[in-house]
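In: here is a sequence with its predicted model. Questions after.
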Amino acid sequence: MAKIKITLTKSPIGYNKKQRAIADSLGLKKMQSSVVQEDTPDILGKVHAIAHLVTVEKLSESAGK
């Protein structure tokens, strides 16, 4: 599976509870924190829901090896 790097670039303060919960479920706790996740439909749906708060980078297959 491909991997993506998700970085929280904007604060979820001021947005609804659902969007804050999505950021927490992805593992994004603080500003500029990053996580590497699998490129699954579940993760992509979460990223799409908070796309205005995060930046996403696709990682190459050889980066994880």
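Out: Good, I have the coordinates.
In: send me stretch 16-23 as PDB with only the CA atoms.
Out: C-alpha atoms of stretch 16-23 as PDB (Å, rounded to 0.1, in the frame of the first residue of the first chain):
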ATOM      1  CA  ASN A  16     -17.000  21.800  15.000                       C
ATOM      2  CA  LYS A  17     -16.400  18.800  17.400                       C
ATOM      3  CA  LYS A  18     -16.600  16.300  14.500                       C
ATOM      4  CA  GLN A  19     -13.700  17.900  12.700                       C
ATOM      5  CA  ARG A  20     -11.600  18.100  15.900                       C
ATOM      6  CA  ALA A  21     -12.400  14.500  16.600                       C
ATOM      7  CA  ILE A  22     -11.300  13.500  13.100                       C
ATOM      8  CA  ALA A  23      -7.900  15.300  13.600                       C
END
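In: now that stretch: mean pLDDT?
Out: The average pLDDT within stretch 16-23 is 96.
In: buried ones in it?
Out: Across stretch 16-23, burial judged by 16 or more other Cβ atoms under 10 Å covers Gln19, Arg20, Ile22, Ala23. Bear in mind the C-beta positions are built from the backbone N, C-alpha and C, glycine included.
In: and the third one, what element?
Out: In this assignment (DSSP states H and E), Ile22 forms part of helix 17-25.
In: run the chain-centre distance for that helix.
Out: Relative to the mean C-alpha coordinate of its chain, helix 17-25 is positioned 11 Å out (Cα atoms, centre = their mean, to the nearest Å).
In: and what of stretch 16-31?
Out: With Cα atoms, centre = their mean, you get 9 Å for stretch 16-31.
In: what does stretch 27-38 give?
Out: Distance, centroid of stretch 27-38 to centroid of chain: 6 Å (Cα atoms, centre = their mean).
In: what about it, how long is it end to end?
Out: By Cα to Cα, to the nearest Å, the extent of stretch 27-38 from end to end equals 13 Å.
In: now do the same contact list for Leu28.
Out: Ile6, Thr7, Leu8, Ser34, Val35, Val54 (Cβ atoms under 8 Å, 6 or more residues apart in numbering).
In: can you select the buried ones from these in ChimeraX?
Out: Command for ChimeraX, covering only those of these found buried under the criterion 16+ other Cβ under 10 Å:
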select :6,8,54
